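> Pasting the sequence and the predicted model now:
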Amino acid sequence: MPSRWSPVPSWIASVAPLIVALVVAYVDSVWGVVAGIGCGLLLFGCAQVRPTRPIAQTVATLAVVGALGVVGVHAVHRHVLMLLLMVASTLMLGSLWRKVPQGDRIRIEREPHPLEGTSVASICLVAFVALESRAASAAGVAAIGAFIASIPWMRVLRRQWNNWLAWCAVTILLVAMGMSAWVAITRVSGAYLMISAVLSGMSALLSMVRLRAGRGILALVLEHPARLLVGTFAGLCAVGTVMLALPWSSPRTEGVGILDAAFSSVSASCVTGLTVLDPSTDLSVFGQLSLLLLIQAGGLGIMTISSSALSLLGRRLSLRQEAVMASLVSRENRADVYHALRRTLSVTLVFETVGAWILAFSFVRLGTPWPKALWHGVFTSISAFCNAGFALQPDNLIHYQRSPIVLDTVSLLIIAGGLSPVVIVALPHALRGRRLGLQAKVAIVSTVFLLVLGSISYGALEWERTLAGLTTWDRIHNAWFQSVTLRTAGFCSVDYQGLHPATWVMMMVLMFVGGCPGGTAGGIKTTTAFVLLVALLGALRGKASAEVFGRTIPAPTVFKATAIATLSGMATMIAVSLLLIAQPLAIPVALFEVVSALGTVGLSLGGTAQLDETGKILIMGCMFLGRVGPLTAFLILSDRRAASSWELPAEEIEVG
């Protein structure tokens, strides 16, 4: 019987080609080639030492650190590359030396397929190509990625020559390698190189689906709610980057650039609204449509769309998939998952359709031609309901600051999207006298309170500043609109350059709180802030529990709210510190940009326009983290649960 590969050496062998390509591409000398090949041989050699895991770990660590040092010397001035290399190296070394805790419950570790790692390596090469500006080196790396991705399919063809899927994959990879060579020879646009790299990545993903169904890396993602949420949004951002980087996504012949495309894709997929591009001038109709699809998919969630589509086609999810979806939509009853998903799509369709028609007629009344008004109405309606904040007008919605019908329609769409379909559907029942659940009641009360507080605060602070020059009625409308958009959407109807510093603080507080869970808004969520406030008031009154509306909030819920708020605050401090190190920004501007990105709001004081490559990468990370949530990002790193059935002795600690 053939010996089985141990998980770690198989993974190490798959990383070898990636390190070789990285070193060779950046060190233009014979020593770079020697160092790259040496690192690769070390990794591949230790993969053959199957029984001795410590030797493999030690040699792999030396190879990773050595490759990082060789590349770092020659790329020290490329901040983006060094940041990514440091993060990747830390993750690789952490996974190499991770120890599984021994408890009273046995964890069954899935053994990855020996060739799964080759797929992962080729996908990593796609990211490398996206950031590499030198066409020749990038083309060579893309060709290596295509070759790596072809390995699993060649094994399939050795066993099954009539496998049409394998032949299609191999054909795609041959096209990718040929396109890479063509780019290297003719020096054409890098967008075609990106297409070549993405073809390799697509084939690699297909091979991951085929290899040992139900086991390995893909199964670990699909069977875990937090990993699935992060994975789907990461995939959506990657697909959006490719779509926006294509030559026909921009009226300019050179395209928008891969980094700007990635920034816009992450901003749209995470429904943030921060942008380094002007959608009205920098994107073609195809680019605008791609941006709109990213906003819709990011607002609803890919799993919501796909699961509802399966329901409409008469198919069902597996029991395991239903459990995952129940966790993602916060439904304890699995039988209610399809109903919740269909309700989400129905509410979304109704609000976006009605809003699009109202906005289109309003734009026509204000002098916009009918076809353009209809397209702008559809785009603005979807962007508002998904709380994205993108607009096709160069000045966002400042042009409509004297149009109450436009501002109020957008406001209602933002509120509806931020409330979540569950709360929206519960409102008619409440009007008929039925009792609301605690979740819906807290969401409604906290939303109304923040809207009123924000309107009064903004109006009082900005009445003679950014609201000056408007009529009293228009000032009230714009103060209300700013209160709505500050927490979630990021639309703008006034010029923020003249804001009072106290208004900045108020805006950042509202952005940090965000909208309601289950909706399209970001932030720590209104219910989280409400639970913390109730717990604080209870502590001041000497109570041992948090009580509200005749109910007691469970202690685990209070702990979860505390964890979410604490992680968000820590993420804000770390991101601001990194941004100040990398960018010459004023502290208030850097703090505002980070809070806006983490809250997926999309408002800016002009700091986004000043970002270089490193700053854009940092803000992209903030937007992604803000969308999936600090707690979800924490869960993605560790899914361990305490298995102890006993409690340790309690002891008081003086605090405060």
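Okay, I see it. Predicted model, so just to flag it, every value in this text is computed and none were measured.

> check contacts around the residue nearest to residue 599 when sequence neighbours are not counted.
Computed as Cβ to Cβ, 6 or more residues apart in numbering, the closest residue to residue 599 that is not its neighbour in sequence is residue 511, at 4.0 Å. The way it works is simple: take the backbone N, C-alpha and C, and place the C-beta from them, glycine included. Residues counted as contacts of residue 511 (Cβ atoms under 8 Å, 6 or more residues apart in numbering) are 486-487, 523, 595-596, 599, 601, 603.

> What segments of the protein are strands?
In the chain, the strands defined using DSSP state E lie at 546-548, 551-553.

> The closest residue to residue 262 other than its chain neighbours: how many residues sit nearby?
Spatial nearest neighbour of residue 262, chain neighbours left out: residue 241 (4.4 Å); criterion: Cβ to Cβ, 6+ apart. A count of nearby residues for residue 241, using other Cβ atoms under 10 Å, gives 25.

> who touches residue 241 in this structure?
Each residue near residue 241 by Cβ under 8 Å, 6+ apart is listed here: 130, 258, 261-262, 265-266.

> Among the residues you listed, which ones are in helices?
Secondary structure assignment by DSSP state H places 130, 258, 261-262, 265-266 of the contacts of residue 241 in helices.

> Mind picking the lowest-pLDDT entry from these?
Lowest pLDDT of the ones in helices among the contacts of residue 241: residue 130, 54.

> do you know which of the strands of the chain lies nearest residue 435?
When the strands of the chain are ranked by proximity to residue 435, the top entry is strand 551-553, at 11.6 Å, counting by Cβ to Cβ.

> picking that back up, how close does the residue nearest to residue 262 get to residue 604?
Counting by Cβ to Cβ, to the nearest Å, the gap from residue 241 to residue 604 is 21 Å.

> And residue 484, by the same measure?
When Cβ to Cβ is the yardstick, residue 484 and residue 604 sit 18 Å from each other.

> Looking at these two, which is more packed in?
Residue environment comparison for residue 484 versus residue 604 gives the larger neighbour count to residue 484, 26 against 21, counting by other Cβ under 10 Å.

> Could I get the contacting residues of that one?
Applying Cβ under 8 Å, 6+ apart to residue 484 gives the contacts 411, 414-415, 451, 454.

> Just confirm residue 575 contacts residue 594, I think it does.
Yes. Applying Cβ atoms under 8 Å as the test, residue 575 and residue 594 come out as touching, 4.6 Å apart.

> Identify the contacts common to the two.
In the contact map built from Cβ under 8 Å, 6+ apart, the residues linked to both residue 575 and residue 594 are residue 622.

> With neighbour numbers in mind, choose between the two.
Set side by side, residue 575 and residue 594 show unequal neighbour counts under other Cβ under 10 Å, the larger going to residue 594 at 26 against 23.

> how close does the more buried one sit to residue 528?
Between residue 594 and residue 528 the distance, using Cβ to Cβ, works out to 19 Å.

> Surely residue 380 touches residue 410?
Yes. Using Cβ under 8 Å, residue 380 makes contact with residue 410 at a distance of 6.7 Å.

> okay, and the common contacts of these two?
Jointly contacting residue 380 and residue 410 under the rule Cβ under 8 Å, 6+ apart are 355, 359.

> Low-confidence stretches in the stretch 151-300 of the chain?
Segments of the stretch 151-300 of the chain classed as low confidence (criterion: pLDDT under 70) are 151-166, 169, 173, 176-177, 179-228, 253.

> mind checking how far residue 596 is from residue 250?
25 Å.

> Residue 372 too?
Between residue 372 and residue 250 the distance is 19 Å, computed by Cβ to Cβ.

> Count the neighbours of residue 442 for me.
Around residue 442 there are 22 residues (other Cβ under 10 Å).

> Let me fix that, I meant to ask about residue 393.
Each residue near residue 393 was counted by other Cβ under 10 Å, and the total is 17.

> Could you do the one 4 residues further on as well?
A total of 22 residues lie near residue 397 under the criterion other Cβ under 10 Å.

> How about the one 3 residues further on?
Under the neighbour criterion other Cβ under 10 Å, residue 400 is assigned a count of 23.

> Double-check it against residue 368; I have them as touching.
No. In this structure, residue 400 sits apart from residue 368 without contact. The criterion is Cβ under 8 Å, and the distance is 10.6 Å.

> Any buried residues in stretch 363-382, and which?
Taking 16 or more other Cβ atoms under 10 Å as the neighbour-count basis, stretch 363-382 is seen to contain the buried residues 363-364, 368, 373-382.

> which pair in these spans the largest distance?
The widest separation within these (Cβ to Cβ) is 18.6 Å, between 364 and 382.

> At which residues are the helices of the stretch 251-400 of the chain located?
Secondary structure of the stretch 251-400 of the chain (DSSP state H, counting those that start in this stretch): helices located at 258-269, 279-282, 285-300, 302-312, 319-328, 337-365, 370-385.

> Which strands or helices does the last one pack on?
So that's helix 370-385. Where contact means 3 or more Cβ pairs under 8 Å, 6 or more residues apart in numbering; DSSP states H and E, helix 370-385 is packed against helix 285-300, helix 337-365, helix 404-419.

> what's next to that helix, contact-wise?
When contacts are defined by Cβ under 8 Å, 6+ apart, helix 370-385 is touched by residues 273, 288, 292, 295-296, 299, 348, 351-353, 355-364, 368, 388-393, 409-410, 413-414, 416-417, 489, 491, 520.

> Now do it, average pLDDT.
Model confidence over helix 370-385, given as mean pLDDT, is 91.
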